[in-house]
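A.B. asks: Coordinates for the following, if possible.
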Amino acid sequence: MSKLTDQPRRPILYDLHRSIGAKFTVFGGWEMPLRYPGGTIDEHMSCRNACAIFDTSHLGSLLVEGGGAFDMLQKELTNDLGKISPGRAQYTHLVTPSDGSVQDDLIIWWLEPDRFMVLANAANTQLVADTLHAEDITSSRALLAVQGPNTRKVLSMIYPELSTIKSNQVRVITIDGASCTAAGTGYTGEDGIEIEVPAAHADSLFSRILDAGATPAGLGARDTLRLEAGLPLFGHELGPGISPLQAGLDWVVGWQKKSFRGKVALEKERESGPGRILWGLIGENRRPLRDNSYLYIPSDEEHGERGGHERHGEHTQQSGDHDPIGRITSGGYGPTVGRGIAMALISTDVEAYPDMIIDAVHDDRTVPVRLSKLPFVPRSRTR
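C.D. replies: Numbers count the residues shown, from 1 in each chain. Model prediction:
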């Protein structure tokens, strides 16, 4: 939000989105498309089965460059840039030194030996920019995410070189005279390309991708897609008090690096074992599962009496008269799965296992759910 007006920022393509019927929502201080006339489920299935285009310009684009850029990023971020090279992308975390909690999860586009683009979550852009001494170029460009199994076919109709970018590859290319950065990255679990395009050329490129057959998709579909793919969202599966280990992302930590921000805290947690871990949950029907539902192990008596059907009004805070074992961090309906699904942090004191039945309690409703490994839908990419 602007400190002077307290009004949300609007993406460069705001007027174009309005012209094709977008409904908007405020997210991370930005007024972004939530859905288009076809609806979230149609947009979701278009991405799973064909091709969708998302405007993700609310993400922060932070330029880090200079002779010490590599060493600084190695010191501040968890993952090991030494595993990749210029022309590649890497997922990583910025964590607190005190307890290893995730302050933001980031994508690094390594452009040149001493030049990096850091993509940050909208609400955390200023924090990350200050920490990494980065130049914020967010307002100078649009960021388009073209996702789905037909992405390369669609993009080949516009500019064939785009369709040749491999997973996690980064390339600077010229499209209609504009210097753009494109990467084989995304946040849907599907194959896709993300394109950073200068502001003056954004409207033309977005329109051309639509004309080539992509379906416009908003934040609603982006959320259901990432939930099915078991991908974390900052403020839900990542954030204060939640470490990469708890989120099942210990592969994001470059343990072999001599030192980095938060290493001592993360090594201590790895030695003792995280107190909770991320699981998937599947409901019995299409009813969406609810964020912030508390989870309980039902008593044998309750489990038998219920016979697998939901109860109403019996327990508002507990099930089986014992303490909760966890909490749903993200919940909803999975259009591909056809059921209510969720991700939840569950105590490691519980002997949890796939297909274990537990209770999800929200307000006056108790719903039986089944534990599941993540992801719910196989990924074409990890992130």
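A.B. asks: did I read that right, residue 206 in a helix?
C.D. replies: Yes - with DSSP: H, G, I helix; E, B strand; the rest coil as the criterion, residue 206 is assigned to a helix.
A.B. asks: Next, count neighbours for it.
C.D. replies: 24 (other Cβ atoms under 10 Å). For the C-beta atoms, the positions are set from N, CA and C on the backbone; glycine is no exception.
A.B. asks: Enumerate every residue touching it.
C.D. replies: Shown in contact with residue 206 (Cβ atoms under 8 Å, 6 or more residues apart in numbering): 13, 16, 53, 55, 142, 144.
A.B. asks: Low-confidence bits of this protein, can you list those?
C.D. replies: For the chain, applying pLDDT under 70 flags the ranges 1-5, 300-321, 381-383.
A.B. asks: tell me the domain ranges of it?
C.D. replies: 14-57+140-228, 61-136, 275-372 (automatic domain parsing).
A.B. asks: Give me the distance between the second one and the centre of its chain.
C.D. replies: Yep, that's domain 61-136 we're talking about. Centre-to-centre, domain 61-136 and its host chain are 17 Å apart (Cα atoms, centre = their mean, to the nearest Å).
A.B. asks: Surely residue 61 is within a strand?
C.D. replies: Yes - Residue 61 forms part of a strand when assessed by three-state DSSP.
A.B. asks: what's around it, how many residues?
C.D. replies: So residue 61, with other Cβ under 10 Å, has 24 neighbours.
A.B. asks: With residue 25 instead?
C.D. replies: 15.
A.B. asks: For it, identify the helix or strand it belongs to.
C.D. replies: strand 23-27 (DSSP states H and E).
A.B. asks: residues of that strand that come out buried?
C.D. replies: Neighbour counts over strand 23-27 (16 or more other Cβ atoms under 10 Å) mark 24, 27 as buried.
A.B. asks: Residues touching it, excluding its own?
C.D. replies: With contact meaning Cβ under 8 Å, 6+ apart, strand 23-27 is reached by 8, 17, 31, 32, 33, 34, 35, 36, 58, 122, 218, 219.
A.B. asks: try 6 Å this time
C.D. replies: 8, 31, 34, 35, 219 (Cβ atoms under 6 Å, 6 or more residues apart in numbering).
A.B. asks: burial count for the first one?
C.D. replies: Right, the one you point to is residue 8. Residue 8, neighbours per other Cβ under 10 Å, totals 17.
A.B. asks: Do I have it right that it meets residue 14?
C.D. replies: No - Residue 8 lies out of contact with residue 14 (Cβ atoms under 6 Å); the separation is 10.4 Å.
A.B. asks: Next, give phi and psi for the nearest residue to residue 377 once chain neighbours are set aside.
C.D. replies: Among residues not flanking residue 377 along the chain, residue 228 sits closest, at 4.3 Å (Cβ to Cβ, 6 or more residues apart in numbering). The phi/psi pair for residue 228 (degrees, to the nearest 10) reads phi -60, psi -30.
A.B. asks: re the thing from before, show me which pair in the contacts of strand 23-27 is furthest apart.
C.D. replies: By the measure Cβ to Cβ, 8 and 35 form the most distant pair in these, at 17.2 Å.
A.B. asks: quick revisit: from the chain's centroid, how far away is the strand holding residue 25?
C.D. replies: For strand 23-27, the distance to the chain centre is 17 Å (Cα atoms, centre = their mean).
A.B. asks: Show me what the next helix or strand after it is packed up against.
C.D. replies: Using DSSP H and E, the helix or strand that follows strand 23-27 in sequence is strand 30-35. Other elements packing on strand 30-35 under the criterion 3 or more Cβ pairs under 6 Å, 6 or more residues apart in numbering; DSSP states H and E are strand 23-27, helix 219-228.
A.B. asks: on that earlier part again, and the residue nearest to residue 377, what does it touch?
C.D. replies: With contact taken as Cβ under 6 Å, 6+ apart, residue 228 is in contact with 334, 336, 376, 377.
A.B. asks: Now do the strands in the stretch 1-150 of the chain.
C.D. replies: 23-27, 30-35, 52-55, 60-65, 89-95, 102-112, 115-120, 135-136, 141-147 (DSSP state E, counting those that start in this stretch).
A.B. asks: coming back round to it: any chance of the contacts of residue 206 in a markdown table, plus distance to residue 273?
C.D. replies: Listed next are these as a markdown table, based on distance: Cβ to Cβ, whole Å:
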| residue | distance to residue 273 |
| --- | --- |
| 13 | 46 |
| 16 | 50 |
| 53 | 42 |
| 55 | 41 |
| 142 | 43 |
| 144 | 41 |
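A.B. asks: out of those, which are buried?
C.D. replies: Buried among the contacts of residue 206 by 16+ other Cβ under 10 Å: 13, 16, 53, 55, 142, 144.
A.B. asks: I'd guessed the third one sits against residue 214; true?
C.D. replies: Read it as residue 53. Yes - here residue 53 lies in contact with residue 214, judged by Cβ under 6 Å, at a distance of 4.2 Å.
A.B. asks: nearest spatial neighbour of the residue sitting nearest the centre point of the chain, skipping sequence neighbours?
C.D. replies: In the chain, the centroid-proximal residue (Cα atoms, centre = their mean) is residue 233; its distance is 4.4 Å. Counting by Cβ to Cβ, 6+ apart, the nearest residue to residue 233 once its immediate chain neighbours are dropped is residue 330, at 6.1 Å.
A.B. asks: my guess is that neighbour meets residue 343, correct?
C.D. replies: Yes - using Cβ under 6 Å, residue 330 is in contact with residue 343, at 4.9 Å.
A.B. asks: So between these two, which is more surrounded?
C.D. replies: Per other Cβ under 10 Å, whichever of residue 330 and residue 343 has more neighbours is residue 343, with 29 against 23.
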